[in-house]
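Trainee: coords please:
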Amino acid sequence: MNYYKIAGITFALSGFEYEYFKDRMKAYEIPEVPTPDITVYYEQALFPIQKPDYKHIVTTGGFREYFSDNGGYVFYDKFKTDSESCAKVEINADASVVHTALYDIEDIGGAPVDVRCFNMLGEVFRYCILKRNGMVVHSSSICHNGAGIIFSAPSGTGKSTHTSLWMKYYPDNTKMINDDCPAITFDDVVPYVNGTPWSGKTNINFNISAPLRAVVLLQQKPENKIQRISVDEAVFRLLHEVTRPAYKDLMNQTLANIEKIVTSTPVYLLGCTIDKEAVDLVRRII
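Mentor: As a prediction, the model looks like this:
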């Protein structure tokens, strides 16, 4: 097995032998631990995966089917027939043991299996961290003067462009944490932003953490303007930037985590251009 620590959670991974996977995970690798928080088993299936006879909950996106098994969390991705799948994830009730498998579909236009394997573990992480006092927020995150800031918005809005300006103009005071999928954890009620290996197409991530000082929601505008928003509006907007689980208990935990963030950390709406003035405006306010 190989061992990793991500956002304070220790993982033991069995079967994850792809070089691409190991390269993307190497900054988070740790020596063997006697009792990891989560053990994940992976196998590459030689044939399409047969779906289980579990209670069906919902199908999303036309291909992902969610099931429940003794309080656990199970999802399969459809393949060519109703009984066959190309991916499976089975997480037990306390998210301590996970069984996964992939069937290679690259020859019919799917991503390479090593890339899918890495991304699949990222989805496992999103579920398991909810059982351990944390969550992943779709955002680009930095540490500036020792404090964490996350910049969140729908894809294509310019999160990465904005954080790159911080690196350009204040490189001595700023470090990137994660460019797409940082994890938020809590020390009592104090939120921290943590690096994870999953950072979108840029692969910009570092295994560091910082106390969260502010959440900034970006909008492209012809002029720079920032305002603090209410707790209710912050909850509504952040809910669109997190995974919304198909399972009621995990959805309730997601909402509770968002509430903890917005009640302990100021949330701002920033309309901005692509220039230094936008960065300086945020620095002055927070």
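
Trainee: C-alpha only now, for contacts and for neighbours.
Mentor: Noted.

Trainee: show me where the chain has its helices.
Mentor: Applying DSSP state H to the chain gives helices spanning 19-25, 113-130, 159-169, 231-239, 248-264, 276-285.

Trainee: nearest residue to Val231 other than its sequence neighbours?
Mentor: Using CA to CA, 6 or more residues apart in numbering and skipping residues adjacent in sequence, the residue nearest Val231 is Val262, 5.9 Å away.

Trainee: quick one: that neighbour from Ser230, how far?
Mentor: Note on Val262: its distance to Ser230, by CA to CA, to the nearest Å, is 9 Å.

Trainee: neighbour count: those two, which is higher?
Mentor: With neighbours defined as other CA atoms under 10 Å, Val262 and Ser230 compare such that Val262 has more, 21 against 13.

Trainee: do I have it right that that one meets Ala234?
Mentor: Yes - if you go by CA atoms under 8 Å, Val262 and Ala234 touch, sitting 6.5 Å apart.

Trainee: Ile258 against Val235, yeah?
Mentor: Yes - using CA under 8 Å, Ile258 is in contact with Val235, at 6.3 Å.

Trainee: how about low-confidence regions in this protein?
Mentor: Residues of the chain that meet the criterion pLDDT under 70 are absent altogether.

Trainee: wait, what's in contact with Lys22?
Mentor: Contacts for Lys22 (CA atoms under 8 Å, 6 or more residues apart in numbering) come out as Phe16.

Trainee: what about it, distance to Lys260?
Mentor: In terms of CA to CA, Lys22 sits 34 Å off from Lys260.

Trainee: again, but for Ala87
Mentor: Distance from Ala87 to Lys260, counting by CA to CA: 34 Å.

Trainee: ok, these two, which is more surrounded?
Mentor: Comparing Ala87 with Lys260 by other CA under 10 Å, the one with more neighbours is Ala87, at 26 against 17.

Trainee: what is the neighbour count of the residue lying closest to Ser140 once chain neighbours are set aside?
Mentor: With CA to CA, 6+ apart as the criterion, Ser140 has its nearest non-adjacent residue at 4.2 Å, and that residue is Asp179. Asp179 has 28 neighbours, counted by other CA under 10 Å.

Trainee: thought Asp179 was touching Gly200?
Mentor: Yes - in this structure, Asp179 is within contact of Gly200 by CA under 8 Å, at 7.1 Å.

Trainee: wait, which of the helices of the chain is closest to Asp82?
Mentor: Proximity to Asp82 (CA to CA) singles out helix 113-130 among those, at 21.2 Å.

Trainee: packing partners of the closest one?
Mentor: helix 19-25, strand 97-103, strand 134-136, helix 248-264 (3 or more CA pairs under 8 Å, 6 or more residues apart in numbering; DSSP states H and E).

Trainee: got the ones you listed as a markdown table, with distance to Tyr3 columns?
Mentor: Formatted as a markdown table, those follow (distance: least, CA to CA, whole Å):
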| stretch | distance to Tyr3 |
| --- | --- |
| helix 19-25 | 10 |
| strand 97-103 | 14 |
| strand 134-136 | 20 |
| helix 248-264 | 26 |
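
Trainee: start to end distance for stretch 270-280?
Mentor: In stretch 270-280, first residue to last residue: 12 Å (CA to CA).

Trainee: do stretch 200-219 as well
Mentor: Terminal residues of stretch 200-219 lie 20 Å apart, using CA to CA.

Trainee: ok, stretch 211-229 next?
Mentor: Stretch 211-229: ends 20 Å apart by CA to CA.

Trainee: which parts of it are buried?
Mentor: 211-220, 224, 226, 229 (16 or more other CA atoms under 10 Å).

Trainee: show me the contacts for the nearest residue in space to His144 that is not next to it in sequence.
Mentor: Nearest residue to His144, sequence neighbours excluded (CA to CA, 6+ apart): Thr174, at 4.5 Å. By CA under 8 Å, 6+ apart, the contact set of Thr174 is Ile142, Cys143, His144, Asn145, Trp166, Met167.

Trainee: what's the closest non-adjacent residue to Ala27?
Mentor: Using CA to CA, 6+ apart, the closest residue to Ala27 is Asn207 (6.4 Å).
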